[in-house]
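Visitor: Predicted model, plus sequence, below.
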Protein chains: 2
Amino acid sequence: MAHTAENTANPIRVALLGAGTVGSATARLIVEQNEELAQRIGRPLELVGVACLDPDEVNVPWIDKSLLTTDTADLCTKADIVIELIGGTTAARTFVMKAIESGASVVTANKALIAKYGPEIYAAAEAKGVDFYFEAAVAGAIPIVRPLRESMVGDKITSIMGIVNGTTNYILDEMTTKGLDFDVALKDAQAKGYAEADPTGDIEGEDAANKAAIMASLAFHTDVRIDDVNVEGITKITADDIAAATAENKVIKLLAVCENTEAGISARVYPALIPNEHPLASVRGSFNAVFVKAEAADDLMFYGRGAGGDPTASAVVGDVVTEARHITHGCTGPVIPMYADLPKAPLNASRSAFAVRFVIHDKPGTLAAIAEEFAKRGLSINGVNQDLKPTLHEPGYSGELQQLRLVTHLCDEVTLREAVDAVTELDFVSGEATILRVMD
Amino acid sequence: MAHTAENTANPIRVALLGAGTVGSATARLIVEQNEELAQRIGRPLELVGVACLDPDEVNVPWIDKSLLTTDTADLCTKADIVIELIGGTTAARTFVMKAIESGASVVTANKALIAKYGPEIYAAAEAKGVDFYFEAAVAGAIPIVRPLRESMVGDKITSIMGIVNGTTNYILDEMTTKGLDFDVALKDAQAKGYAEADPTGDIEGEDAANKAAIMASLAFHTDVRIDDVNVEGITKITADDIAAATAENKVIKLLAVCENTEAGISARVYPALIPNEHPLASVRGSFNAVFVKAEAADDLMFYGRGAGGDPTASAVVGDVVTEARHITHGCTGPVIPMYADLPKAPLNASRSAFAVRFVIHDKPGTLAAIAEEFAKRGLSINGVNQDLKPTLHEPGYSGELQQLRLVTHLCDEVTLREAVDAVTELDFVSGEATILRVMD
């Protein structure tokens, strides 16, 4: 059921769903570079329609007003390639499936859609003999999906560690370089357009988790969905945590980590302490980077802009051109086989060192009591650091507050969290603890 | 003339030409991961023969002795995919063309072959309806060919700067971190296997130039060959040059630089002074990295192992799997259109600041005489630095030698070299000058 080759001058019909920042930038590349793209493909691209919510709000000179439509479902059936840039998982899924049923190949930047419904969409596309491309869904302009799907497919990937959310990396970087507290850095990021008005999806780690699910699926040939990803965000990290990291020549980064362990596939998002020498430590501002380890290739890193209209559009149009070449040559691209079907590793399967910070009322015996909670769970402590924090206050408590930081030896996270929860219940402990993974 | 789809259990026949380090590592991945690869492809791979010069010298457990042959030409006609890992440009070309004529797709790691005959091979493969893949030819395991051919094909690449030769990067890194002189660092690299017994192709920049030609062709859709690349190596760089760079918070790196300028395509290899903050500055040891700028994607960087048996084999087998999937699905991959046919920029078209180091006899008036040679050619000097070098000696000269370093404002290289040549002719100047480009 592959496309039929048509090596003619007939244009390839492209439908664009969504005319927001990325949609508009995508339309610009397709329209303004049309001649150049035609030479790369062998046939011209024709933008046959742009679906949007309100045509009156789309005012860019490169989108012809006559192309605008609110009938998205209808537009899906009238193209060779449908570009889905609506976002969300409900309408987007309906339209993507409709496009595939109509025999169109689909290009999308929608990470949430793939992390939730990817394997069903891959199967539908394969059954229909069309392609489904989504380079822009992970780390924006950085080619990471194609390298995982194709370049590294002769190798055995062991782990992926990525800084795949520009908003949180920008916030953590501002906290590090300017000593800002989380709330201040977040407001600054919102003012500069690096964070949305509702930043929850970014700062709680869900956006990164979507990308972790996608990368784990591709790397390990196993169906990994958003619900399989264990997620921690960065909202509990304080300026003090950052300062403590800096003092140890480390930085705090929010990582998406995918591992093929003996206990199965692990896909996680968590903040971690990284040594300054690690290549990921120098990823600044809103940049993204993905670090991949494979048996034969060894270490690889991919770095670039993970978001923004133009960078995302670059990846989208790269997929459109690849797909247009396939249509011109009458073939389809690689399918995404989920043959391995590896088990999901339980949370306690992987071991790590952890850095934990408690805020406590300053009195004798606190360290002994905390150490006892760790010891009775078999957790061994590598180092402890206490400092008075006259800047911290607790309602109804007139004494001084102290910060206690401890670093564990390698342990499993389930037991670690039990110990932290038990300590948090102690009467001299105030507020919530911060837990950071310590990378070697 | 595309392959005919055969969705059967028939194995895809793979012939391996060459059983050296990379050939042997490639065979291992194909044999040891055979079952895994079959699931990724949908059909098994069968290694049908390994061509070598002397079967008695191939002794690895994963290559069945019965597969070894010295009849390379014959083997080329008996496979669906021919992997060329012989190296060189004469026999390799003959066998690659023979394989294509026989209807086989070809995978190679041979940068010299592509930099010399690439476009003829692309055309032959396209005419025959087979594929020609060469991810391993540039920067080993790092996916850079596929991103240039496919991921970034919707964008407009403006420049590429790569550290694409591990031998020279290792030598420069050892000189930087250990204060070694070039000859000592080279011997050390040879002892550790990072440099060959005859290191000329690496240290004079030719290996990097091959990769520059390939990257420029792919990025700018223009036929760029090894003869179009202007090349300088690193043999003139001294421990003093490195120390002077370090004092300015810079490092010296050998770069392959491809640019799309107003005057045309420029492909160059030269040593350059890079600020420590630049992502390429932290590429250590024998690692490679390629930094790409594109209009929409902005900055991207790809980092990893640029050489070695296993990393190179990882890229080779990635191409083999991609090609095997095409054969299974009865199609071919993207052709490489050279439609743009942009002119080659003359050497004096691009402007740069340069750092030049002369060794001079210590006497009054030397700086005035040197400055005069620069001034009369319209070259403006940004800064000068002189220091006595009691460690330097010149046969037949009993006075003290001095080192004079100057940095120019932006100028063209042709005029710069004229001035440097004129200064070198002055009677108080000793030996050859070092010329380094200064990157912002």
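Guide: It's in.

Visitor: Tell me the confidence at residue A:279?
Guide: On pLDDT, residue A:279 comes in at 88.

Visitor: now the one 3 residues further on
Guide: For residue A:282, the pLDDT comes out at 89.

Visitor: who's in contact with it?
Guide: Taking C-beta atoms under 8 Å, 6 or more residues apart in numbering or on different chains, we find residue A:282 in contact with A:276, B:279, B:282. Any C-beta I mention is one placed from the backbone N, CA and C, and that applies to glycine too.

Visitor: What count of nearby residues applies to the second one?
Guide: What that stands for is residue B:279. 21 (other C-beta atoms under 10 Å in any protein chain shown).

Visitor: Please tell me how far the residue nearest to it when sequence neighbours are not counted sits from residue A:182.
Guide: The shortest distance from residue B:279 to any non-neighbouring residue, by C-beta to C-beta, 6 or more residues apart in numbering or on different chains, is to residue B:301 (5.2 Å). In this view, residue B:301 and residue A:182 are 29 Å apart by C-beta to C-beta, to the nearest Å.

Visitor: can you check residue A:192 too?
Guide: Residue A:192 sits 16 Å away from residue A:182, going by C-beta to C-beta.

Visitor: Check the contact between the residue nearest to residue B:279 and residue A:300; I expect there is one.
Guide: No: using C-beta atoms under 8 Å, residue B:301 and residue A:300 do not qualify as a contacting pair, with a distance of 11.2 Å.

Visitor: which one of the two has more residues nearby?
Guide: A count of neighbours by other C-beta under 10 Å puts residue A:300 above the other of residue B:301 and residue A:300, at 27 against 22.

Visitor: Okay, helices next: where are they in chain A?
Guide: Taking DSSP state H, the helices of chain A run over residues A:21-32, A:34-41, A:72-76, A:91-101, A:111-128, A:145-146, A:166-178, A:182-191, A:200-203, A:206-220, A:239-247, A:309-329, A:366-375, A:413-425.

Visitor: of those, which approaches chain B most closely?
Guide: helix A:309-329 (2.7 Å; C-beta to the nearest C-beta).

Visitor: Dump that closest one to CSV, restricted to CA.
Guide: Taking Å, rounded to 0.1, in the frame of the first residue of the first chain, the C-alpha atoms of helix A:309-329 are listed here in CSV:
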residue,chain,number,x,y,z
GLY,A,309,9.1,28.9,16.2
ASP,A,310,12.0,28.9,13.7
PRO,A,311,14.1,26.1,15.2
THR,A,312,11.0,23.8,15.5
ALA,A,313,9.8,24.7,12.0
SER,A,314,13.3,23.7,10.7
ALA,A,315,12.8,20.2,12.0
VAL,A,316,9.2,20.1,10.8
VAL,A,317,10.1,21.1,7.3
GLY,A,318,13.0,18.7,7.3
ASP,A,319,10.5,15.9,7.9
VAL,A,320,8.2,17.3,5.2
VAL,A,321,11.0,17.3,2.6
THR,A,322,12.0,13.8,3.6
GLU,A,323,8.4,12.6,3.2
ALA,A,324,7.9,14.5,0.0
ARG,A,325,11.0,12.7,-1.4
HIS,A,326,9.4,9.4,-0.4
ILE,A,327,6.2,10.3,-2.1
THR,A,328,8.2,11.3,-5.2
HIS,A,329,10.1,8.0,-5.2
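
Visitor: Does chain B have contacts with stretch A:340-357?
Guide: Yes: residues of stretch A:340-357 contacting chain B under C-beta under 8 Å from any C-beta of the partner chain: residue A:340.

Visitor: Quickly list what residue A:438 is bridged to.
Guide: Beta-bridge pairing of residue A:438 under DSSP bridges involves residue A:273, residue A:353.

Visitor: okay but it is in contact with residue A:352, surely?
Guide: Yes: using C-beta under 8 Å, residue A:438 is in contact with residue A:352, at 6.8 Å.

Visitor: Around chain B, which positions in the stretch 251-400 of chain A sit nearby?
Guide: So the stretch 251-400 of chain A meets chain B at A:279, A:282, A:294-305, A:308, A:310-311, A:313-322, A:325-326, A:329-332, A:334-335, A:337, A:339-340 (C-beta under 8 Å from any C-beta).

Visitor: Of residue A:192 and residue A:182, which one has the most company?
Guide: Relative neighbour count places residue A:182 above the other of residue A:192 and residue A:182, with 20 against 11, counting by other C-beta under 10 Å.

Visitor: just to revisit the earlier point, just the buried residues from the residues of the stretch 251-400 of chain A next to chain B, in ChimeraX please.
Guide: Selecting only the buried entries of these in ChimeraX, with 16 or more other C-beta atoms under 10 Å in any protein chain shown as the criterion:
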select /A:279,282,294,296,297,298,300,301,302,303,304,305,308,310,311,313,314,315,316,317,318,319,320,321,322,325,326,329,330,331,332,334,335
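
Visitor: Same list (the contacts of residue A:282) but as JSON lines, adding distance to residue A:234.
Guide: Putting those into JSON lines (distance: C-beta to C-beta, whole Å) gives the following:
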{"residue": "A:276", "distance to residue A:234": "19"}
{"residue": "B:279", "distance to residue A:234": "24"}
{"residue": "B:282", "distance to residue A:234": "25"}
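
Visitor: Could I get the pLDDT score of residue A:298?
Guide: Reported pLDDT at residue A:298 in the predicted model: 96.

Visitor: Specify the beta-bridge partners of it.
Guide: residue A:294.

Visitor: Could you verify my assumption that it touches residue B:305?
Guide: Yes: if you go by C-beta under 8 Å, residue A:298 and residue B:305 touch, sitting 4.9 Å apart.

Visitor: what do these two both touch?
Guide: Common contacts of residue A:298 and residue B:305, defined by C-beta under 8 Å, 6+ apart, comprise B:141, B:311.

Visitor: Outside of stretch A:422-432 itself, which residues are in contact with it?
Guide: Under C-beta under 8 Å, 6+ apart, the answer for stretch A:422-432 is A:236, A:358-361, A:363, A:366, A:369-370, A:373-374, A:377, A:394, A:397, A:401, A:433.

Visitor: Can you say which of the residues you listed are buried?
Guide: Counted by 16+ other C-beta under 10 Å, the contacts of stretch A:422-432 give A:236, A:358, A:359, A:360, A:361, A:366, A:370, A:373, A:374, A:401, A:433 as buried.
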